[in-house]
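S.K.: Need a 3D model of the sequence below.
(one chain, ligands or ions: 1)
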Amino acid sequence: MTITVKRSARHAARCALILGLGGLLVACAPEPIPSPGASAFQDYCAICHGTRALGDGPVAPDLKVPPPDLTLIASRNGGVFPLRAVADTVYGYSGKHDADLMPEFSPLLDGPDVAVPKSDGSGDEVMPVRLAEVVTYLESLQRE
Ligand code: HEC
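M.R.: Next up, the predicted model:
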């Protein structure tokens, strides 16, 4: 209860009423609370891939294979974010990567399945909701 009250008070403080010529607009600063996918990334992935997913986590120098920069996945794939392949890499379906390197992320496999729309509009990929959160967070980090 206390948390709810505090949150809404903070939220109200971050909103500004802007009076324009034509009417009233309510503008709010973006919520600073991280998305579940961003939190999961910091908890499970940042130690190797780095807090900004650039491949520079604290243990990266000690790994046999350097963790790749995860903000360039789309760029390395002709500009398309390979949703299924990324989900499979994290989930461990593909079995491609060395089991010693990328650990299994069983907490990311909990919960119901959801359908995630592919960025090229060619349908959905179905995967566990927590995995979907972290994969779509990665998709949001893609740069040229
Ligand atoms: C113990 C270190 C470590 C952790 C923790 C880790 N990774 Fe990785 N990851 C690697 C390494 C090393 C590679 C490259 C070699 C490989 O594929 O096994 C990699 C590869 C990847 C790839 C493939 C990238 C590409 O370009 O194909 C993805 C996607 C990825 N990791 C996502 C994640 C996510 C998401 C998490 C957290 C849920 C995570 N990793 C946690 C070390 C790690």
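S.K.: quick one: the strands in the chain?
M.R.: 15-19, 24-28, 113-117, 124-128 (DSSP state E).
S.K.: what's the least confident stretch among these?
M.R.: With a mean of 47, strand 15-19 has the lowest mean pLDDT of these.
S.K.: Can you name the residues of this structure sitting close to the ligand?
M.R.: Near the ligand, the residues belonging to the chain are 44-45, 47-49, 63, 65, 67-68, 70, 73, 76, 86, 89-90, 97-98, 101-103, 105, 108, 134 when assessed by Cβ under 6 Å from any ligand atom. (C-beta placed from N, C-alpha, C; glycine too.)
S.K.: Among those, which lie within helices?
M.R.: 44, 47, 48, 49, 73, 76, 86, 89, 90, 134 (DSSP state H).
S.K.: low pLDDT regions in the chain?
M.R.: Counting by pLDDT under 70, the ranges of the chain that qualify are 1-32, 92-102, 104.
S.K.: Tally up the residues packed near residue 62, please.
M.R.: 7 (other Cβ atoms under 10 Å).
S.K.: ok, residue 131 touching residue 108?
M.R.: Yes. If you go by Cβ atoms under 8 Å, residue 131 and residue 108 touch, sitting 4.8 Å apart.
S.K.: shared neighbours, these two?
M.R.: With contacts taken as Cβ atoms under 8 Å, 6 or more residues apart in numbering, the residues that reach both residue 131 and residue 108 are 90, 91.
S.K.: from the residues of the chain next to the ligand, which would you call buried?
M.R.: Buried subset of these (neighbour count, 16 or more other Cβ atoms under 10 Å): 44-45, 48-49, 67, 70, 73, 86, 89-90, 102, 105, 108, 134.
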